[in-house]
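Undergrad: Turn this into a structure:
(one chain, ligands or ions: 2)
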Amino acid sequence: MNLCRVCGNNNVTEILDLGATPLANSFLKPEQLNDPEPRFPLVVGFCCRCGLVQLDHAVPPEILFRNYIYVSSTSQTMPAHFAAYSDEIVARFARSSQDLVLEIGSNDGCLLQAFKRHNVRALGIEPAANIAGIANAAGLATMNDFFCERSAQTIRDSEGTAKVIIGNNVLAHIGNLRDFMAGIDVLLRPDGVAVFEVPYLVDLLRKSEFDTIYHEHLSYFAIGPLQKLFQSRGMRICDVQRLPVHGGSIRVYVSREGTGPDELPSVEELLWVEKSEKLDLLETYEAFASRVEATKQKTRALLSELKASGARIAGYGAPAKGNTLLNYMQIGRDWIDFIADQSPHKQGMYTPGSHIPVVSPERLLEDEPDYVLLLAWNLKDEILEQQSEYLNRGGKFIVPIPEPIVIAGNAGAGKAANVLQ
Ligand code: SAM
Ligand code: ZN
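TA: Ligands and ions are numbered 1, 2, ... in the order given. Predicted coordinates:
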């Protein structure tokens, strides 16, 4: 295994091998279906020194992020989440309209838009040219670049330092954390706060969310290793919140040592949770790997049985994580006829590796498949609500994570859906 991304230790132990898979967001156009698909190892390791769970193989960021297909505004959940988020940040930290709020990995400007309502001076930095273009076209100032020490210096020269730096769902994507933290150090005002949202390792393990493992996600964070990362630049975590998004995330607030808010009890409380979840022990990850294998066998058995009984099965949601699940579980077109997804960027394309066509959600009512495998399980409530008509007509959803369960609707609403035994 490679050296640990946080502490540089060479004692990273392999804990899970999900096979060699194509990149989770490399959806294919019809004319690409016969081309060879590059595959990359998806092997997860655990650093016995700092506790960071991490991918061994890093695909170059230029390949992953210069053209990007995930658009934050596609779901209803994320804009609502970001609206509340911006309210909180403005109330707690960005009191003057002159304060600069910098968002790293600002994507299509979903959060920048929320800050605009508050009349805050907000700037995004986003390497994907296609998506930074959407934000700029909407009047949301976005620099098209990777965040690193070099680009941070450019921003400081033109905009000054930032009162608030935000990174949502981007820290896990960074291969060179040392360079990234150097950039934060360049740009953060002495009294500034950096706020990062990352999927939380405790939730990943508890709910067996193994499908959130794919090449873009190089690190799977808990508070322990994050503290070591920030300490390496003279910074500390002063507050942390748990959030339901993306299957369970944390939002950490970071300030320079000796300045900023006092450390709140939330930090120590979560460290205790991590201790009681035994995140520091290798055996925790061995048990996780066994659960992942068991989920694969159960899901395959269920789908195979349904297919043998003549059922027609579709999928709902074509998120990146769906492709980890499909490829690891070796589920393809012989079982799943099509996948419905709201994103116009994905419709008309085929899933990487499994080559299942992505179509618009209307197809569910047109075709009325007997079962729908819910790949975007993190948006379950939103999707069941939207598809209440499909459920009313007798359709059923299969939720694969943490364990496959079948949900059938009644009474006309997703909220009234029944879990079948
Ligand atoms: N922040 C948005 C959200 O939470 O919905 C988007 C999250 S998306 C999973 C990750 C984003 O980070 C992508 O838009 C990607 O292009 C961007 N990204 C990846 N590496 C980056 C880097 N070094 N600097 C800035 N953005 C980066
Ligand atoms: Zn380490």
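
Undergrad: Model confidence for whichever residue of the stretch 251-400 of the chain sits closest to ligand 1, exactly?
TA: Residue of the stretch 251-400 of the chain nearest ligand 1, by Cβ to the nearest ligand atom: A320 (8.1 Å). Every C-beta, even on glycine, is put in place using the N, C-alpha and C of the backbone. As predicted, A320 sits at a pLDDT of 95.

Undergrad: Surely it and Y214 touch.
TA: Yes - with contacts counted by Cβ atoms under 8 Å, A320 reaches Y214, the gap being 5.5 Å.

Undergrad: okay, and the common contacts of these two?
TA: A24 (Cβ atoms under 8 Å, 6 or more residues apart in numbering).

Undergrad: okay, the two: which has more neighbours?
TA: The residue with more neighbours, out of A320 and Y214, is Y214; 25 against 21, by other Cβ atoms under 10 Å.

Undergrad: quick one, what contacts the more buried one?
TA: T21, L23, A24, L42, A320, K321, N323, T324.

Undergrad: wait, doesn't G183 sit right on F146?
TA: No - the criterion here is Cβ under 8 Å, and G183 misses it with F146 at 9.4 Å.

Undergrad: neighbour-wise, which of the two wins?
TA: G183 (25 against 21).

Undergrad: and that one, that one's in a helix?
TA: Yes - assessed by DSSP: H, G, I helix; E, B strand; the rest coil, G183 belongs to a helix.

Undergrad: residues in contact with it?
TA: F147, C148, E149, R150, S151, A152.

Undergrad: Spatially, what comes nearest to it if we skip its sequence neighbours?
TA: Distances taken as Cβ to Cβ, 6 or more residues apart in numbering place A152 nearest to G183, at 3.5 Å, with adjacent residues excluded.

Undergrad: now L218
TA: Using Cβ to Cβ, 6+ apart, the nearest residue to L218 is L55, at 5.0 Å.

Undergrad: list the contacts for the residue of the stretch 251-400 of the chain closest to ligand 1?
TA: A24, N25, Y70, Y214, E216.

Undergrad: Among the residues you listed, which lie within helices?
TA: When DSSP state H is applied, the contacts of A320 are split such that none fall in helices.

Undergrad: Go back to the residues you listed and keep what's next to ligand 1.
TA: Intersecting the contacts of A320 with the contacts of ligand 1 gives Y70 (criterion: Cβ under 6 Å from any ligand atom).

Undergrad: From the contacts of A320, pick the one nearest G175.
TA: When the contacts of A320 are compared for distance to G175 (Cβ to Cβ), E216 wins out at 10.4 Å.

Undergrad: Just give me the neighbour total for that closest one.
TA: 20.

Undergrad: Now do the same contact list for it.
TA: L23, A24, N25, L64, F65, A172, H173, A320.

Undergrad: Counting neighbours, which of the residues you listed comes out on top?
TA: In the contacts of E216, the most neighbours by other Cβ under 10 Å go to A24, 29 neighbours.

Undergrad: hang on, F196 in a strand?
TA: Yes - counting by three-state DSSP, F196 falls inside a strand.

Undergrad: Tell me the residues of the stretch 151-300 of the chain that contact ligand 1?
TA: N168, N169, V170, H173, I174.

Undergrad: Give me the neighbour count for the third one.
TA: Using other Cβ under 10 Å, V170 has 22 neighbouring residues.

Undergrad: Check R291 too.
TA: Neighbours of R291 (other Cβ under 10 Å): 15.

Undergrad: what secondary structure does it sit in?
TA: Of the three states, R291 takes helix under three-state DSSP.

Undergrad: Please export the C-alpha coordinates of stretch 234-251 as CSV.
TA: Output in CSV follows, covering the C-alpha atoms of stretch 234-251 (Å, rounded to 0.1, in the frame of the first residue of the first chain):
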residue,chain,number,x,y,z
GLY,A,234,-1.4,24.9,13.3
MET,A,235,-5.2,24.6,13.1
ARG,A,236,-7.8,22.9,15.2
ILE,A,237,-11.4,21.7,15.1
CYS,A,238,-13.5,24.0,17.2
ASP,A,239,-17.0,22.5,16.5
VAL,A,240,-18.6,19.6,14.7
GLN,A,241,-22.1,18.7,13.7
ARG,A,242,-23.6,15.5,12.4
LEU,A,243,-25.8,15.8,9.3
PRO,A,244,-28.0,13.4,7.5
VAL,A,245,-26.8,14.2,3.9
HIS,A,246,-25.1,11.7,1.7
GLY,A,247,-25.9,8.8,4.1
GLY,A,248,-24.5,10.7,7.1
SER,A,249,-21.9,13.4,7.1
ILE,A,250,-20.0,15.7,9.5
ARG,A,251,-19.5,19.4,9.2
